[in-house]
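Novice: give me coordinates for this.
(2 chains)
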2 protein chains.
Amino acid sequence: MIQKLIANIKKTNAPIVVGLDPMLSYIPSQILKKAYEEKGENLSGAAEAVWQFNKQIVDATYDLIPAVKPQIAMYEQFGIEGLMAYKKTVDYCHEKGLVVIGDVKRGDIGSTSAAYATAHLGAVEIGGKKFAGFDEDFATVNPYLGSDGINPFVDVCKECDKGIFVLVKTSNPSSGEFQDQVMTSTGKPLYEYVGQMVEKWGESTMEGDYTNVGAVVGATYPEMGKALREIMPHTYILVPGYGAQGGTGKDLVPFFNKDGLGAIVNSSRGIIAAYKKDEYARFGEAAFADASRAAVEDMIKDITQYL
Amino acid sequence: MIQKLIANIKKTNAPIVVGLDPMLSYIPSQILKKAYEEKGENLSGAAEAVWQFNKQIVDATYDLIPAVKPQIAMYEQFGIEGLMAYKKTVDYCHEKGLVVIGDVKRGDIGSTSAAYATAHLGAVEIGGKKFAGFDEDFATVNPYLGSDGINPFVDVCKECDKGIFVLVKTSNPSSGEFQDQVMTSTGKPLYEYVGQMVEKWGESTMEGDYTNVGAVVGATYPEMGKALREIMPHTYILVPGYGAQGGTGKDLVPFFNKDGLGAIVNSSRGIIAAYKKDEYARFGEAAFADASRAAVEDMIKDITQYL
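Specialist: Predicted structure coming up:
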């Protein structure tokens, strides 16, 4: 699957991913109004609004971008109805040729991790036939439980040609509390060890120069990104924290390899709620999707100018 | 919410929780057959079988136990249909007076963690009204992202009288890869520091002698459980790994406080698939729920004899 992602990145010349993390406060009033009229002012109506909002953003940007990253929490908060909107979004993005990174941050052990992997990347067998649950292309995974948590995902990736991105160094201010702790065994911080393990977990999943086991490293920590880039030469890095969280185009250079590949940068709010920023206010609420397209174009320029 | 859990534990004199982690291979053929006939041999039929299986186990055990812990991965693998069975299970257990611990191991940052907390413990506001998504009583949470990931859950716990259990030292063989790393800053392993933070995150949520921020510590590591019991005096410990994973009743003593409280021990496969064990084979497949009841009674005896 990593080669499909790379092919999409090369085709668009855009090492970026649009985070489809809709909050109700981002959704223009005309979409909310219509959805509530049709489905009621309830979970069903809210989920419909989320789906219509996503659809317009995807329609306005899909030809410019290689991938999307829906954040499942934003759908899960609307219960079953929200998860139906998530699934519709995944399927619609596939129809548009986009790689879908399910930002699900799942992680457990053994048969439970296998069940999560099946839910998001694989298919469950019922009466001899296979049925896919959510069917994203990549999923984000939490490493806290160690290899027992990751290996079942790797097995499903190999079986179904899918991939994962494992959290290594996250973009948030308190990510250092545990991730930056220096270990007596190596004299290095924990996140570097997690990075080494990611490179190792990926070994059996090589496709060309990269593995199907990627890493998440926040744009807000470029020095650490540089160290991790060296520790994980065959690992694709998914980089959150650009834009709203403070990372800029110049900060992103260390995350890439010399081939201009090796990293894909996410922006969520900065793209999907672009119309709320002064910079794109000229589009107005009704043309919110055009504002998103302009924000995507600007983001691509900002990042590729340094590569 | 921790006091509701404690009240249920005192009422039943059973510091245990039944893990509702159904795999298709656990479900008796008569239930599968009926569900497939009614709903089709597909995700819908499988989800119906899961729900019918759960219902019979809950009906056979609810008067003996304080709480259940459905493992959402086992439902999520059946997609939307599976999550509908999860929600039905949560609601049914509430009708039966049980405390429901959603074993969801979610964890993200800021507004995303808030969305997960809303999904599982809170309610989302739509047009001035509140709607609950999954509405468990407790959720399990992964700490890898630090305080930014946990605090939004704590806020929802306070607002809605709910609780969480944070992963500290998990029961699996490879849990030590990252969790046991000794930190140069303290000379202690990471899991002890996570335990200290759990006690701290809980401070503002005290109810009686315990907080609404619990910890997950595996039965398979009783020495570490002992150390964590001292580090976290006001923290309830959810203990997985009893039975199938190797922990025994005697191993569990260190997880409890002197008051006989402070810990709740989970068993999943050992209860819900008891009829498949030699020990309970006399019940046969048709009376699988009676086998589960016998296994619950034996588990309570095994644990309380040492307290």
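Novice: specify the beta-bridge partners of A:Thr211.
Specialist: Beta bridges link A:Thr211 to A:Met206 when assigned by DSSP bridges.
Novice: the stretch 101-250 of chain A: helices as residue ranges?
Specialist: Here the stretch 101-250 of chain A has its helices, by DSSP state H, counting those that start in this stretch, at A:110-120, A:147-160, A:176-179, A:190-202, A:222-231.
Novice: the last one and chain B, are they touching?
Specialist: Spelled out, it's helix A:222-231. No - using Cβ under 8 Å from any Cβ of the partner chain, we find that helix A:222-231 stays clear of chain B, coming within 14.6 Å at best. Backbone N, C-alpha and C define where each C-beta goes, glycine included.
Novice: test my guess that A:Met74 contacts A:Pro22.
Specialist: Yes - with contact defined as Cβ atoms under 8 Å, A:Met74 reaches A:Pro22; the gap is 5.6 Å.
Novice: any stretches of the stretch 101-250 of chain A with poor pLDDT?
Specialist: Within the stretch 101-250 of chain A, the stretches falling below the threshold (pLDDT under 70) are A:244-247.
Novice: let's go with 80 and repeat that
Specialist: Counting by pLDDT under 80, the ranges of the stretch 101-250 of chain A that qualify are A:244-248.
Novice: contact partners for A:Ile16?
Specialist: A:Ile16 makes contacts with A:65-66, A:264-267, A:296, A:299-300, A:303, as judged by Cβ atoms under 8 Å, 6 or more residues apart in numbering or on different chains.
Novice: and if we set it to 6 Å?
Specialist: A:265, A:299 (Cβ atoms under 6 Å, 6 or more residues apart in numbering or on different chains).
Novice: check the one 3 residues further on too.
Specialist: Contacts for A:Gly19 were tallied using Cβ under 6 Å, 6+ apart; they are A:69, A:266, A:268.
Novice: what about the first one, distance to A:Ser268?
Specialist: When Cβ to Cβ, to the nearest Å is the yardstick, A:Lys69 and A:Ser268 sit 8 Å from each other.
Novice: list the buried ones in the helix or strand where A:Ala60 lies?
Specialist: A:Ala60 is part of helix A:43-61, with elements assigned from DSSP states H and E. Of the residues in helix A:43-61, those scored as buried under the neighbour-count criterion (16 or more other Cβ atoms under 10 Å in any protein chain shown) are A:43-58, A:60-61.
Novice: average pLDDT for that helix, rounded please.
Specialist: pLDDT averaged over helix A:43-61 equals 98, rounded to a whole number.
Novice: surely A:Gly107 meets A:Gly146?
Specialist: No - in this structure, A:Gly107 is not within contact of A:Gly146 by Cβ atoms under 6 Å, at 9.8 Å.
Novice: compare the two (neighbour count), which wins?
Specialist: Counted by other Cβ atoms under 10 Å in any protein chain shown, A:Gly107 and A:Gly146 do not tie: A:Gly107 has more neighbours, with 29 against 22.
Novice: tell me the contacts of that one?
Specialist: If you count contacts by Cβ under 6 Å, 6+ apart, A:Gly107 has them with A:141-142, A:145, A:149.
Novice: nearest to A:Gln179 among those residues?
Specialist: Distance ranking of the contacts of A:Gly107 against A:Gln179, using Cβ to Cβ, places A:Asn142 first at 11.6 Å.
Novice: how close does the residue nearest to A:Gly79 when sequence neighbours are not counted get to B:Lys88?
Specialist: The spatial neighbour of A:Gly79 that comes closest, neighbours along the chain excluded (Cβ to Cβ, 6 or more residues apart in numbering or on different chains), is B:Gly133 at 3.4 Å. According to Cβ to Cβ, B:Gly133 and B:Lys88 sit 14 Å apart.
Novice: which of these two has more neighbours?
Specialist: Applying other Cβ under 10 Å to B:Gly133 and B:Lys88 shows that B:Gly133 carries more neighbours, namely 25 against 17.
Novice: just give the number of residues close to the residue nearest to A:Tyr221 when sequence neighbours are not counted.
Specialist: The shortest distance from A:Tyr221 to any residue other than its chain neighbours is 5.7 Å, reached at A:Lys169 (Cβ to Cβ, 6+ apart). Residues within reach of A:Lys169, counting by other Cβ under 10 Å, total 25.
Novice: show the contacting residues for A:Lys169.
Specialist: The contact partners of A:Lys169, by Cβ under 6 Å, 6+ apart, come to A:179, A:191, A:217-218, A:221, A:224.
Novice: in TSV, list these along with distance to A:Gly243.
Specialist: TSV is the format used below for those (distance: Cβ to Cβ, whole Å):
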residue	distance to A:Gly243
A:Gln179	22
A:Tyr191	22
A:Val217	16
A:Gly218	12
A:Tyr221	15
A:Met224	19
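Novice: who wins on neighbours among these?
Specialist: Neighbour counts for the contacts of A:Lys169 (other Cβ under 10 Å) peak at A:Val217, which has 34 neighbours.
Novice: so that one versus chain B, what's the distance?
Specialist: With the distance defined as Cβ to the nearest Cβ, to the nearest Å, A:Val217 ends up 13 Å from chain B.
Novice: and what of A:Lys87?
Specialist: With distances defined as Cβ to the nearest Cβ, the gap from A:Lys87 to chain B amounts to 6 Å.
Novice: if we can go back for a sec, nearest to chain B among the contacts of A:Gly19?
Specialist: Comparing the contacts of A:Gly19 against chain B with Cβ to the nearest Cβ picks out A:Ser268 as the nearest, at 9.3 Å.
Novice: how about the closest one, nearest residue that isn't a chain neighbour?
Specialist: With Cβ to Cβ, 6+ apart as the criterion, A:Ser268 has its nearest non-adjacent residue at 2.9 Å, and that residue is A:Gly19.
Novice: for that neighbour, grab phi and psi.
Specialist: phi -80, psi 110 (degrees, to the nearest 10).
Novice: OK, contacts around A:Tyr86?
Specialist: Contact partners of A:Tyr86, counting by Cβ under 6 Å, 6+ apart, are A:72, A:75.
Novice: in what helix or strand does it lie?
Specialist: For A:Tyr86, the element it lies in under DSSP H and E is helix A:79-95.
Novice: for that helix, give the mean pLDDT please.
Specialist: Throughout helix A:79-95, pLDDT has a mean value of 98.
Novice: tell me the buried residues in it?
Specialist: Buried residues in helix A:79-95, counted by 16+ other Cβ under 10 Å: A:79-90, A:92-93.
Novice: stretch A:266-277 now?
Specialist: By neighbour count with 16+ other Cβ under 10 Å, stretch A:266-277 contains the buried residues A:266-276.
Novice: do the same with stretch A:208-226
Specialist: Buried residues in stretch A:208-226, counted by 16+ other Cβ under 10 Å: A:210-222, A:224-225.
Novice: check stretch A:232-242 too.
Specialist: Going by neighbour count (16+ other Cβ under 10 Å), the buried part of stretch A:232-242 is A:232, A:234-242.
Novice: now stretch A:161-181
Specialist: Under the neighbour-count rule (16+ other Cβ under 10 Å), stretch A:161-181 has A:162-172, A:174-181 buried.
Novice: quick revisit: which among the contacts of A:Gly107 gets closest to B:Ala114?
Specialist: Each of the contacts of A:Gly107 was scored against B:Ala114 by Cβ to Cβ, and A:Asn142 proved nearest at 17.6 Å.
Novice: touching, the closest one and A:Asp108? I think so.
Specialist: No - here A:Asn142 lies out of contact with A:Asp108, judged by Cβ under 6 Å, at a distance of 9.0 Å.
Novice: circling back: just the ones in strands from the buried residues of stretch A:232-242, please.
Specialist: Secondary structure from DSSP state E places A:237-239 of the buried residues of stretch A:232-242 in strands.
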